[in-house]
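**Q** structure for this input, please:
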Amino acid sequence: MLPAYGANRITSFFFLIYMTLGLFLFMNLMLAIIYNSYQDRTEQQMDDKALDRTYYFTQLFHRLDEEKKGYLHKEEVRELMDEIHSLM
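**A** Numbers count the residues shown, from 1 in each chain. You can find the predicted model right below:
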């Protein structure tokens, strides 16, 4: 047998419990906290980009709809598509 195990069995049990808690429980908890934080930030960034995109298209629509009729004619839609493609 191992000399340390034969001399003091409580030490080996402590070591096994410590390794089990440290490796499996605490590391999983840490990973879950980090992943949850990352997921929240990613969702917030997606929401912010969606709001920015909606605001941009609303402003673009109002700029192209000079007569305030609530819709765009074919020429205005072409201008809208040109503006969108110029962003890419």
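
**Q** buried residues of stretch 52-69, list them for me.
**A** Within stretch 52-69, the residues scored as buried using 16 or more other C-beta atoms under 10 Å are residue 64. For the C-beta atoms, the positions are set from N, CA and C on the backbone; glycine is no exception.

**Q** what distance separates that stretch from the centre of its chain?
**A** 29 Å (C-alpha atoms, centre = their mean, to the nearest Å).

**Q** average pLDDT for the helix or strand hosting residue 12?
**A** With elements taken from DSSP states H and E, the one containing residue 12 is helix 9-20. In this model, helix 9-20 has a mean pLDDT of 84.

**Q** could you report the separation of the spatially most central residue of the chain from residue 56?
**A** Note on the chain: the residue nearest the mean C-alpha position is residue 42, at 1.7 Å, using C-alpha atoms, centre = their mean. Applying C-beta to C-beta, to the nearest Å, the value for residue 42 to residue 56 is 21 Å.

**Q** go on, residue 85?
**A** Distance from residue 85 to residue 56, by C-beta to C-beta: 14 Å.

**Q** swap in residue 65?
**A** Residue 65 is 15 Å from residue 56, where distance means C-beta to C-beta.

**Q** and residue 46, helix, strand or coil?
**A** At residue 46 the chain is in helix, as set by DSSP: H, G, I helix; E, B strand; the rest coil.

**Q** counting neighbours, what do you get for it?
**A** The criterion is other C-beta atoms under 10 Å. On that basis, residue 46 has 10 neighbouring residues.

**Q** go on, residue 13?
**A** Using other C-beta under 10 Å, residue 13 is surrounded by 11 other residues.

**Q** what of residue 80?
**A** 17.

**Q** you'd agree it is up against residue 61?
**A** Yes - Residue 80 lies in contact with residue 61 (C-beta atoms under 8 Å); the separation is 7.4 Å.

**Q** need the residues touching each of these two.
**A** Here residue 80 and residue 61 share the contacting residues residue 72, scored by C-beta atoms under 8 Å, 6 or more residues apart in numbering.

**Q** with that, I have no additional questions.
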